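*Asks:* The sequence isn't on hand, but the structure is:
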């Protein structure tokens, strides 16, 4: 397992690779473990910085998420939400034949935020709802503002 930290406009963001795939990412510095910048981590850094510069709209990195089949479905649907757009928890739930609460739980369990864009999922009335990354709702708002997403 290797890890690096990238300084981003929303704060330090760590990327962790294991056996050729990203397994974890998030805000804060990871002070333990090897910090060798592998080719995958270098590419993840490049793509993350390009995202923050609005030069990249879709990440293309190998991921290992390890969720339940329903969580994997939610994360797949989140990755399909285009840059600059949002969907509601209910939208994703209807698509998956589930309910909004289950989708919300899967969003909260997303171990690879930004790359799996859980920030693009909002409440049915357009409100910003829970976000566990960075500074919470303010980080979610910053990411959606960066993308130019229209918020109700």
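*Replies:* Noted; the coordinates are in hand. Since this is a predicted model, take the numbers as computed values, not measurements.

*Asks:* Other residues contacting the helix or strand where residue 70 lies?
*Replies:* In this assignment (DSSP states H and E), residue 70 forms part of helix 69-79. By CB atoms under 8 Å, 6 or more residues apart in numbering, the residues outside helix 69-79 that reach it are 65, 67, 87, 92, 95-96, 98, 102-103, 106-107, 109-110, 116-118, 120-121. C-beta: built from backbone N, CA, C; applies to glycine.

*Asks:* let's see it at 7 Å
*Replies:* Helix 69-79 is contacted by residues 65, 67, 92, 95-96, 98, 102-103, 106-107, 109-110, 116-118, 120-121 when judged by CB atoms under 7 Å, 6 or more residues apart in numbering.

*Asks:* From the residues you listed, list just the buried residues.
*Replies:* Buried residues within the contacts of helix 69-79, counting neighbours by 16 or more other CB atoms under 10 Å: 65, 92, 96, 98, 102-103, 106-107, 110, 116-118, 120-121.

*Asks:* Please give me every residue in contact with the residue nearest in space to the middle of the chain.
*Replies:* Centrality entry for the chain: nearest residue to the mean C-alpha point is residue 113, 2.1 Å, by CA atoms, centre = their mean. Contacts for residue 113 (CB under 7 Å, 6+ apart) come out as 25, 26, 119, 133.

*Asks:* What is the neighbour count of the third one?
*Replies:* It stands for residue 119. When counting by other CB atoms under 10 Å, one arrives at 27 neighbours for residue 119.

*Asks:* And it, how far from residue 37?
*Replies:* 26 Å (CB to CB, to the nearest Å).

*Asks:* Just give me the longest helix of this protein.
*Replies:* Longest helix of the chain, by residue count under DSSP state H: helix 39-52.

*Asks:* Show me what it is packed against.
*Replies:* With contacts taken as 3 or more CB pairs under 7 Å, 6 or more residues apart in numbering; DSSP states H and E, helix 39-52 sits against strand 2-8, strand 11-18.

*Asks:* Now it: buried residues?
*Replies:* Neighbour-count burial for helix 39-52 [16+ other CB under 10 Å]: 40, 41, 43, 44, 45, 47, 48, 51, 52.

*Asks:* Would you confirm that the fourth one contacts residue 14?
*Replies:* No - Residue 44 sits out of contact with residue 14 when judged by CB atoms under 7 Å, with a separation of 10.4 Å.
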